[in-house]
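>>> Pasting the sequence and the predicted model now:
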Amino acid sequence: MYVSLNELTTYGLAKTVYFKHTDQELSNLLRSGDGSAFKELYDRYWDVLLDTAFKRLGSIEQAEELVQDIFVNLFVKRENLVIESSFEGYLKNALKFKIFDFFRHQASHNKYVENLLKGLHERTISPEEALQIKELKERIDKTIQNIPEKCREVYLMSRVEHISNRMIAKKLGISVSTVEKHINKATNILKKDFGRYYFEVIALILCIY
């Protein structure tokens, strides 16, 4: 069953009366389904987990998604919650594994892209494949051109020229956070347009830009 974080945090929407409770006491209340206990734990640890995730991932959207998953899983599995150390340690350990899984997943996609690029360079492309690539390139071009100008510039500097966010910010005279927002916006536009073929599209972008 899918549970949204918005539903969970409004589950105990009224100002929590548990701000003086210990984490252990809140964990016990959470196991019995107390929404206010969940809200208190969420308020205590959301920011610290988000800050840690953002420092590791460099993307606020990806960081929010990972931390959200942790709290959703926490609530869904609350009845079987077992904490052997501190609650903060439990959450940070969960985040560590989430980040590990994220990079492992990214690595598998990067390997796929590497093999795709290798294949494009090392073998002769049939006329049918050439036509498909031409049509896809035209679609990519159209999508890229529909991305706002500054957003597009930042995205191509990051993904094609492999310039760091800090260096992009310095070159364009904007903040690093603005660079991240531009990259996330462009990424979302491409993902929305190409869906599950996003990583194949990134491979072609590297070839044609």
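Yes, it's here.
>>> which stretches of the chain form strands?
Using DSSP state E, no strands are assigned anywhere in the chain.
>>> Quickly list the domain ranges of it.
Taking automatic domain parsing as the domain assignment, the ranges for the chain are 5-102, 125-208.
>>> In CSV: these, plus mean pLDDT.
Conversion of the domains of the chain to CSV gives the following (pLDDT from 0 to 100):
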stretch, mean pLDDT
domain 5-102, 81
domain 125-208, 80
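>>> Can you name the residues that contact the residue nearest to the spatial centre of the chain?
The residue lying closest to the centre of the chain (CA atoms, centre = their mean) is residue 62, at 1.9 Å. By CB atoms under 8 Å, 6 or more residues apart in numbering, the contact set of residue 62 is 53, 102. Heads up, the C-betas are built off the backbone N, CA and C, glycines and all.
>>> State the distance from residue 167 to residue 154.
As judged by CB to CB, to the nearest Å, residue 167 and residue 154 stand 11 Å apart.
>>> Now stretch 171-184: buried residues?
Buried residues in stretch 171-184, counting neighbours by 16 or more other CB atoms under 10 Å, are found at 178-184.
>>> All the helices of the chain, in order from the start?
In the chain, the segments counted as helices under DSSP state H are 5-11, 23-31, 35-57, 60-76, 87-122, 127-146, 149-159, 165-172, 176-194, 198-208.
>>> Now do the third one: which elements does it pack against?
With contacts defined as 3 or more CB pairs under 8 Å, 6 or more residues apart in numbering; DSSP states H and E, the packing partners of helix 35-57 are helix 5-11, helix 23-31, helix 60-76, helix 87-122.
>>> go again using 6 Å as the cut-off
Using 3 or more CB pairs under 6 Å, 6 or more residues apart in numbering; DSSP states H and E as the contact criterion, the neighbours of helix 35-57 among helices and strands are helix 23-31, helix 60-76, helix 87-122.
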